[in-house]
Structures are given as C-alpha cells and as structure tokens.
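Novice: Fold the following.
(one chain, ligands or ions: 1)
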Amino acid sequence: MNTFKSLLIAIPISLLFGFCTSSGRIIQSKSNATKALKDYYKDYFPIGVAVTPRMLHGEDSALIVTQFNSLTAENAMKMGPIHPRESDYYWKDADSIAAFAKKHSMRLRGHNLCWHAQAPSWMFKNEKGDTVSKEVLLQRLKDHITTVVKRYKDYIYGWDVVNEAIDDRDSVFYRYSAWYKICGEEFIAKAFEYAHAADPKAVLFYNDYNTENPKKREKIYQMVKKLKEAGIPIHGVGLQGHWSINNPSKEELEKSIQMFSSLGLQVQVTELDVSVYAGRQGGQLIQGQRRDTATGFTAAMEEPQREKYKMIFGILRQNKNKITGVTFWNLSDRYTWLDGRGRKNYPLLFDVNRKSKKVYWDVVNF
Ligand code: XIL
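Specialist: Residues are numbered from 1 along each chain as shown. Down below sits the predicted model:
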C-alpha cells in the first residue's frame, strides 16, 4: 500500500480511536474518555441521580448529563415544597427539573406523593386548627395526587407513591404517622388508586429504607402482597439504599430483591449512597451514638466503602432482569444530605471536586 493510501486510512482510524504521540503513547480516545456510568450500565439498568434545581447549571449539570440517564427531584416534588398551601402549588423548581430531563432525554422518577415527612401542616388541619376527618384527608390526598401526577404525565414514567409507611420497630407494623392516625392503613391503597387514575401508564412504587432488615422487610412484603392481592395498582418496590460500610450484607440484599420480585413487582434502588460511617439506618446517627468528627476521606473509610459498592453492584448486575433502575441520592461528595449530622460524609462515586473516586472505577470495571 503506498504511503498516501495508508495515510488516508490511518487518519480516520486515529480520529476514531485516539492519536499516537511522538513517543508512541496512545492518548485516550474521545469515545473512551466520555464513556460514563450510564454507558457502562446500558445493558443493565438506567443510572439516576437526585438533584436540586441549583445543580442544573454549571459544573454539576455537566457531570449529571455526562454520567446519568435518569433524574429524581431531591425535594422539589414532595408534598410540602410543591403544595405549600391548599390553594397554592409551587411548580417552578419541579418544572425546571422536568424540563431539564426532557431537554437531555433523561428518564424522570417522581418522588414522592405521600410521606409523613415534608408534608405541609395544613394538610391535616381545618381552618379552625382541628384535625380533619378521614374523608377530608383522603379527598385532599386525591386532589394533590391527581394535580401533581397529571401535570408531569408526559415527563415522569413512575412515582414513589407511598414512602416509608412501615415502622422500624419490630413490634409495630405501620408507622404511626398523621396519615395513619387519621385514615388507618387505607390511605396507602387509596394513594395508589389515585395515582393510577391520574396516569394509568405510570409505574407505581412503594419506597422505603432498611429494606434489608429481615423483620422490616417481612412487614413490607406482607403489605405489598396484600395490596397486590386486593388488585391495587402497585408495580414496584423501591429499596432506598441508604446503606453504609457495614450494611447490608450480600445475602440480605439478594434476599430483598428476590422476595419483592417474587410478587411480580419490579425492584429499583431509588436513593443509593454508602455512608463511610458504620451504623444501621443508612449510616445515620443512632441516638446516643458517638459523633465521629471526620477530618477528611481516609483510607479507613475508602477501603470498606469500595468493598461494599463492589458487592452491591455485583448483586444488582446479577439481578438485572429484576432491577429497573438504580438512582444515587446526590451527585458528588461535595454535597450530600448525610452531611450536617455533626460530621462530613463521603458516600458517593464522585469526590468533593467532582472527580471520579477509586470506587467509581470499581463500579464500572466489571
Ligand atoms: C431527604 C433530602 O435529601 C433532604 O434534602 C431533605 O432535607 C430530607 O429528605 N428518604 C427519602 C428522601 O425518601 O426523600 C429523603 O431525602 C432521604 C430519606
């Protein structure tokens, strides 16, 4: 082959795969350099991230668009923020997240429609300040769910309909929330029915944490089984995935995925982070526990975190036929909701400078 012909072939090939420097070293090709979480996992499940509207600009936004193909609003779609007064919805933040997802062709999960936390106090009171009746509360829940779900019908493919309705204590079944106190367990089925009526195509989830705790898992299992058997439109269980360096075990994680999917439900990890502090309840401080003062991300934190993430993603990949999404709860260690409990945390795959941690490579090299 003459020199001219071989050059004609070599140039486009080098454009495709990278360039040889004079020292013969190959500079990583563009396509390789931009391979990101969502690409490594494209044959497995979408990879999402929880965001605030502020993150949709600048460096955070670049990282979001490069690495992820699904979004969840960290707070903007919760009842309190989006429905601060009975006659008043605040759409701006949620709309901006929905528009961003659409613009970048990302999937969007709705979070959430009914929760004991971040619920507006007006919801449970009448104008005199007395607790409302069950009928009034269910009507308000219906109005809320119908309005919010309809607004985002063309953006959101699935909703966390009820969040954290099961109690953590072994001896108590349902959480004694304002919803439960006023309505009994019925609010759960009703919430799913209202959501389904508002968007019959939406995939509807029950979402909770500590789903690998055998006793709590059993209660969740019994509840969703009962809902399914009663013909309530529930399609999935969200394992929040607020895990930590010592929780969950491989066996318990596998068991949770297996148990919920045995009911014909899809499983998602909806709020993944791996706290660098040991502890139950997603590494949150347990009352009375010593408040560690972190001086930075140490090797003693990094090693067990890498092991835990490797285990988790190994199990998730093995179960890809059951898992329909994995979402991280926040983008990088620069900001995480686990900060501010008397210590800084480092639970994510990107560091405080938004650079990939070693654990990132553990998760994508398989
Ligand atoms: C958290 C947010 O990250 C915080 O910003 C907010 O102050 C409290 O809620 N389970 C859930 C999420 O379902 O909605 C919570 O998000 C974390 C625990």
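Novice: and this structure, which of its residues are near the ligand?
Specialist: 74-75, 163, 240, 271, 337 (CB under 6 Å from any ligand atom). Where you see a C-beta, it was placed from the backbone N, CA and C, and this is true even at glycine.
Novice: for those residues, which one is nearest the ligand?
Specialist: Using CB to the nearest ligand atom, residue 337 is the member of the residues of the chain next to the ligand that sits closest to the ligand, with 3.4 Å.
Novice: show me what contacts residue 137?
Specialist: Residues in contact with residue 137 (CB atoms under 8 Å, 6 or more residues apart in numbering) are 123-124, 179, 182-183, 187.
Novice: Now with 6 Å, please.
Specialist: Neighbouring residues of residue 137 by CB atoms under 6 Å, 6 or more residues apart in numbering: 182-183.
Novice: Please indicate which of the residues of the chain next to the ligand are buried?
Specialist: 74-75, 163, 240, 271, 337 (16 or more other CB atoms under 10 Å).
Novice: Please flag which of those sit within strands.
Specialist: 163, 271 (DSSP state E).
Novice: mind showing which ranges of the stretch 51-200 of the chain have poor pLDDT?
Specialist: Within the stretch 51-200 of the chain, not a single segment meets pLDDT under 70.
Novice: That one: strands as residue ranges?
Specialist: Along the stretch 51-200 of the chain, the segments classed as strands by DSSP state E, counting those that start in this stretch run 70-73, 107-115, 158-163.
Novice: So which of the ones you listed is nearest residue 58?
Specialist: Of all these, strand 70-73 sits nearest to residue 58, with 16.4 Å by CB to CB.
Novice: Please list the outside residues in contact with that closest one.
Specialist: Contact partners of strand 70-73, identified using CB under 6 Å, 6+ apart, comprise 46, 48, 50-51, 94, 97, 101, 106-109, 111, 327.
Novice: Which members of those residues are the farthest-apart pair?
Specialist: 46 and 94 (19.9 Å).
Novice: So between these two, which is more surrounded?
Specialist: Set side by side, residue 46 and residue 94 give different neighbour counts by other CB atoms under 10 Å, the larger being at residue 94 (24 against 21).
Novice: any idea how far that one is from the ligand?
Specialist: Separation of residue 94 from the ligand (CB to the nearest ligand atom, to the nearest Å) stands at 14 Å.
Novice: got it, and residue 60?
Specialist: For residue 60, the distance to the ligand - CB to the nearest ligand atom - is 15 Å.
Novice: Tell me how many other residues surround that residue.
Specialist: With other CB under 10 Å as criterion, residue 60 counts 20.
Novice: Could you do residue 251 as well?
Specialist: Using other CB under 10 Å, residue 251 has 10 neighbouring residues.
Novice: again with residue 264
Specialist: Neighbours of residue 264 using other CB under 10 Å come to 9.
Novice: again with the one 10 residues further on
Specialist: Neighbour count of residue 274, defined by other CB under 10 Å: 27.
Novice: What's the mean pLDDT across whichever strand or helix holds it?
Specialist: Using DSSP states H and E, the element containing residue 274 is strand 266-275. Mean per-residue pLDDT for strand 266-275: 98.
Novice: which secondary structure elements does that strand contact?
Specialist: Judged by 3 or more CB pairs under 6 Å, 6 or more residues apart in numbering; DSSP states H and E, strand 266-275 is in contact with strand 236-239, strand 242-244, helix 250-261, helix 299-318, strand 323-328.
Novice: Kindly calculate the angle that that strand makes with strand 107-115.
Specialist: Put simply, strand 266-275 runs at 80 degrees to strand 107-115, going by axes from the mean of the first three to the mean of the last three CA atoms, to 10 degrees.
Novice: Strand 266-275 pairs with which strands, and in what direction?
Specialist: Sheet pairing of strand 266-275 (DSSP bridges) gives strand 236-239 (parallel), strand 242-244 (parallel), strand 323-328 (parallel).
Novice: For this structure, which segments count as helices?
Specialist: Listed in chain order, the helices of the chain (DSSP state H) span 3-17, 30-33, 37-40, 58-67, 79-82, 92-103, 134-151, 178-183, 186-198, 214-229, 250-261, 299-318, 358-364.
Novice: How far off centre is the third one?
Specialist: The offset between the C-alpha centroid of helix 37-40 and the centroid of the whole chain comes to 17 Å, using CA atoms, centre = their mean, to the nearest Å.
Novice: Can you pull out the residues in contact with it?
Specialist: Helix 37-40 is contacted from outside by 47, 67-69, 364, using CB under 6 Å, 6+ apart.
Novice: Can you point out the buried residues in that helix?
Specialist: Neighbour-count burial for helix 37-40 flags 37-38, 40 (criterion: 16+ other CB under 10 Å).
Novice: All set, thanks.
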